[in-house]
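Undergrad: structure, please.
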Amino acid sequence: MTRPRSKGPQSHDCRAGRRFFLPGAAALVGSFLLAAAGFAQPSQGASPSGDAARCRTDYRIEARLDGETKGIRGQLELDWHNASSDSVGDLWFHLYLNAFSNNRSTHLVESGGKLRDHEATSGWGWSRVTSIVAVYPNGDREDLFTTMRYRRPDDGRAEDRTVFSVDLPRAVPPGESLTVEVGWEAQLPRVRRRTGYKDDFLLVAQWFPKLGVYESGRGWNCHQFHMNTEFYADYGTYDVSLDLPREYEGKVFGSGVRVMNEIVGDRLHARFSAPSLLDRERTDAFGKSPLVHDFTWTADPRFVVENRIFRFADYAERFPNEVEKAKALLGPGVDLTLRNVDVTILVHPEHASQIERHFEATCAALFFYGLWFGEYPYQHITVIDPPYGGEGAGGMEYPTLFTAGTRLFTTEDMHRPESVTVHECGHQFWFGLVGNNEFENAWMDEGFNSYTDSEVLWRVYGAQRGTTDFARIPVEGVRVAGLPGGGKLADVLVGKSVTIPLPLVEGIEIQPLPESGFLDLWRDQPALTFVPEWTDPRWGDRSGYLRDPATDPIVTPGWEYADRMSYRTNSYPRPAVALRSLAAVVGQGAFLRGMRHYAREWRYRHPYPEDFFHSFQEGAGVNVDWYFRALFQGRGTVDWQLEVEQGRRPDPAGFFQSEGGEFFEQPAEEERSGDPAPWQVSVLVRSEGELVLPVPIRLTFEDGTTEEFLWTREEQAKRGWIRIERDSQKKLVRAEVDPERSYYLDTDMSNNAWYDETDDLAPWRWGERVLAQYQHFFHWIGGLGG
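TA: Numbering: from 1, shown residues only. Here you go, the predicted structure:
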């Protein structure tokens, strides 16, 4: 059978679409790059994308929703143009909703039968094709339905129905086109993961039979829907007509813009165009015609609808230093002006007071991402707040539309909804405009986006205030240490669960003190035991990275990571940390130029890792191929450690031989003077781990003077340590490796610095806090809260 990852020439120049084209810190940086340059030459490794990749798909969809059952009946027509070098004899499609059809789908098996921690026992969803016909350029029609068969290219699981193929009676030669008509029916699932319904709320995503991506010489890239994977599709246009119950009048929204809305009897007819008709007539700031690679829609009679406008001038005036900094880093001739964007915010009544915060966070993302990586090219963007009970729809990105997620009793410094809103809006750039293969390289959007959203959050909102929830109510501060474990014994001690054994039958479980946020509040007494916490979101990325820094390489298909933790670490915080550390290697200017060049070159295209590596270096004007191999394709880590020995030079004792051969009790050149003996300093820096990176070392003396050194990659490759020795009349007061803390990937920064004077009280203060927390906890257990 044809497999999506079959071997062959590695290029990627398919095009799905109509039968025509649309045109498409500081002073040490130089030393860092010089140290890197001799170590490796840029690899010219092959990429599936090739140089001519400009894929295109155009859909025309009509669908009717049954308001009672939440079933959909639809008909679509798509045009596909074969721009590859192959004659293509079959078509492969996704049926994503079948991931939710039973507990034996690949998605549900990999998730242990759960959808976002909820056991999947009801509310199933499914999709089935009822007809499929090929229409050739000469008007010939061929029924393909009898050739339809389900495919399992990744795991061979017979029960999985998320991919199917059909055979073409006549292959489509290179450069030729084909129209396909598909009829289908679908049942929306209860929304627990990305798509579905909750009461009358609808988030309808990945809802129609969707063509895969043909890669020249390699066949169809059309993976099954895994627990850890998202999506991949060609760019193009969507014209979608929806037939809905009348109750959704004025409360239905979709990708692009709504171009028609009328009532016919008890039904609402709405039509959408994505991109908008206005966008299709213009080119963006990079001279390219805007396209999208998906269509999603939402509806809810309870939506509170707010329409605003993002105005670039307002944010340029608010952040003038950031605009000037970007101009300086990117160089002359780069126009940073962004287009204004219509913003629609959809919230539920209980969250209406947070409309302004959703809008501000969306604008912050549009401003900073656009400033750094090029403007958001579309006329409109929609922000969706899922309802209570529909949180499974939250935190997802689709072209020109995304879902956020918030709560009650939240403040701006808690970064909710700010964090998720900036992140999901940021996906309009990483995944929306630069369309990586999310199945195989989720890190190319999630990791890039995690890096960028942390930079935005820090600039706009500052540090995040830590809180702890009790009965869904946030309380100021966090525990100074984790709660003790104990499993069943702990449950017995606190009275939460006691199992009474009985002969011949299963024991009876009783719960004298069932799980309760208010009991936890009584137990913890936050006012007495909690401490304040403020977190720089950029350092939050590092904390996430440290949870699992070395299990798998970053460059790993989403379903092949060891476990969920490895997938999350390597898709989100680890690439964010790798990018932030890359900026330390090449300098902020080169880093921004490299990222913007990549974003421009691969806009509306499908890059793979090799494309990013090459494009970044080309735009930045640097040679750091060694960095990408080590950080993205390897599992290496690094921990720099610093040790210092310092003391006065000892008075001479013993017999010393002169040049003439005679022995004296004291060397002649060291006859005593009134000055104190000089300080003898020995600084030893070690490098533990496989990564070899140029790192600065700084010595600070008692008079404020400093000495700085660069420990190069060549030196570290030869020997894993370096010793710096000095005799000086000035006392060393501080020694640091990576003094600016620029390498966020150092696995232990507690050993990066040495101080002559230390705060001996600090450990005792923190120890007292831990002791007080545990003392209070065990007192509570001893009296069961009394």
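Undergrad: going forward, measure contacts and count neighbours with C-alpha atoms only.
TA: OK.
Undergrad: number of nearby residues for residue 562?
TA: 11 (other Cα atoms under 10 Å).
Undergrad: so it sits against residue 550, correct?
TA: No. Counting by Cα atoms under 8 Å, residue 562 does not reach residue 550; the two are 11.0 Å apart.
Undergrad: need the longest helix for this protein.
TA: helix 761-782 (DSSP state H).
Undergrad: any buried residues in that one, and which?
TA: Using 16 or more other Cα atoms under 10 Å as the test for burial, helix 761-782 gives 769-770, 773-774, 776-778, 780-781.
Undergrad: and if you look at stretch 652-663?
TA: Under 16+ other Cα under 10 Å, stretch 652-663 has no buried positions.
Undergrad: dump the residue contacts of residue 756.
TA: 732-734 (Cα atoms under 8 Å, 6 or more residues apart in numbering).
Undergrad: averaged pLDDT, the longest helix of the chain. What do you get?
TA: Average pLDDT, helix 761-782: 87.
Undergrad: same deal with stretch 95-110?
TA: Mean pLDDT, computed over stretch 95-110, is 95.
Undergrad: what does that stretch contact?
TA: Counting by Cα under 8 Å, 6+ apart, 113-115, 120, 124-128, 157, 159-164, 186, 188-189, 206-210, 224-227 sit against stretch 95-110.
Undergrad: which among these count as buried?
TA: For these, buried by 16+ other Cα under 10 Å: 113-115, 120, 124-128, 159-164, 186, 188-189, 206-210, 224-227.
Undergrad: in strands, which of these appear?
TA: The strands, defined by DSSP state E, take in 114-115, 126-128, 163-164, 186, 210 from the buried ones among the contacts of stretch 95-110.
Undergrad: now render those residues as TSV, adding pLDDT and distance to residue 373.
TA: Below are those laid out as TSV (pLDDT from 0 to 100; distance: Cα to Cα, whole Å):
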residue	pLDDT	distance to residue 373
114	85	37
115	82	34
126	98	38
127	98	38
128	98	40
163	98	34
164	98	37
186	98	38
210	98	29
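Undergrad: what helix or strand is residue 631 on?
TA: helix 625-632 (DSSP states H and E).
Undergrad: alpha carbons of that helix, as PDB, please.
TA: The C-alpha coordinates for helix 625-632 follow below in PDB (Å, rounded to 0.1, in the frame of the first residue of the first chain):
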ATOM      1  CA  ASP A 625      24.500  24.600  12.000                       C
ATOM      2  CA  TRP A 626      26.300  22.800  14.900                       C
ATOM      3  CA  TYR A 627      23.800  24.400  17.300                       C
ATOM      4  CA  PHE A 628      20.800  23.100  15.500                       C
ATOM      5  CA  ARG A 629      22.300  19.600  15.300                       C
ATOM      6  CA  ALA A 630      23.100  19.500  19.000                       C
ATOM      7  CA  LEU A 631      20.000  21.300  20.400                       C
ATOM      8  CA  PHE A 632      17.200  20.200  18.000                       C
END
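Undergrad: quick one: mean pLDDT over that helix.
TA: 96.
Undergrad: so what secondary structure elements neighbour it?
TA: helix 573-586, helix 609-620 (3 or more Cα pairs under 8 Å, 6 or more residues apart in numbering; DSSP states H and E).
Undergrad: out of those, which gets nearest to residue 246?
TA: helix 573-586 (44.4 Å; Cα to Cα).
Undergrad: return the distance of that closest one from the chain's centre.
TA: 13 Å (Cα atoms, centre = their mean, to the nearest Å).
Undergrad: give me the next element, helix or strand, following that helix.
TA: helix 588-601.
Undergrad: can you pull out the helices in the stretch 201-350 of the chain?
TA: 277-280, 312-318, 320-330 (DSSP state H, counting those that start in this stretch).
Undergrad: list the buried residues for the longest one?
TA: Which is helix 320-330. Applying 16+ other Cα under 10 Å to helix 320-330 flags 322-323, 326-327, 329-330 as buried.
Undergrad: now for the residues you listed: which two are most distant?
TA: Checking the buried residues of helix 320-330 with Cα to Cα, the most distant pair is 322 and 330, at 12.0 Å.
Undergrad: map the structural domains onto the sequence of this structure.
TA: For the chain, the structural domains run 55-234, 639-755, going by automatic domain parsing.
Undergrad: Throw those domains into JSON lines and include distance to residue 317, thanks.
TA: Shown next, in JSON lines, are the domains of the chain (distance: least, Cα to Cα, whole Å):
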{"stretch": "domain 55-234", "distance to residue 317": "36"}
{"stretch": "domain 639-755", "distance to residue 317": "29"}
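Undergrad: just the ones you listed: most buried one?
TA: domain 55-234 (a mean of 20; mean count of other Cα atoms under 10 Å).
Undergrad: wait, residue 171 sits on residue 86?
TA: No. The pair residue 171 and residue 86 does not pass the contact test of Cα under 8 Å, sitting 9.5 Å apart.
Undergrad: quick one: low-confidence parts of the chain?
TA: 1-55, 484-490, 492-495, 502-507, 513, 666-674, 784-786 (pLDDT under 70).
Undergrad: need the outlier residue of it, farthest from its centre.
TA: The centre of the chain is farthest from one residue, residue 662, which by Cα atoms, centre = their mean lies 73.5 Å away.
Undergrad: relative to residue 653, how far out is it?
TA: The spacing between residue 662 and residue 653, counted by Cα to Cα, to the nearest Å, is 16 Å.
Undergrad: contacting residues around residue 726?
TA: Residue 726 touches 679-682, counting by Cα under 8 Å, 6+ apart.
Undergrad: and the residue minimising distance to the centre of the chain, which of the three is it?
TA: What sits nearest the mean C-alpha location of the chain, by Cα atoms, centre = their mean, is residue 446, with 2.3 Å. Classification of residue 446 using DSSP: H, G, I helix; E, B strand; the rest coil returns helix.
Undergrad: that one against residue 570, yeah?
TA: No. The criterion here is Cα under 8 Å, and residue 446 misses it with residue 570 at 9.3 Å.
Undergrad: dump stretch 135-149 to PDB, restricted to CA.
TA: The C-alpha atoms that make up stretch 135-149 are tabulated as PDB, following Å, rounded to 0.1, in the frame of the first residue of the first chain:
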ATOM      1  CA  VAL A 135     -14.500  15.600 -12.100                       C
ATOM      2  CA  TYR A 136     -11.800  15.800 -14.800                       C
ATOM      3  CA  PRO A 137     -11.000  19.000 -16.700                       C
ATOM      4  CA  ASN A 138     -12.800  17.700 -19.800                       C
ATOM      5  CA  GLY A 139     -16.000  17.300 -17.800                       C
ATOM      6  CA  ASP A 140     -15.800  13.500 -17.300                       C
ATOM      7  CA  ARG A 141     -17.200  12.300 -14.000                       C
ATOM      8  CA  GLU A 142     -16.000   9.100 -12.200                       C
ATOM      9  CA  ASP A 143     -17.500   7.600  -9.100                       C
ATOM     10  CA  LEU A 144     -14.800   6.800  -6.600                       C
ATOM     11  CA  PHE A 145     -16.900   5.600  -3.700                       C
ATOM     12  CA  THR A 146     -16.400   1.900  -4.500                       C
ATOM     13  CA  THR A 147     -12.600   2.300  -4.300                       C
ATOM     14  CA  MET A 148     -12.700   3.900  -0.800                       C
ATOM     15  CA  ARG A 149     -10.700   2.100   1.900                       C
END
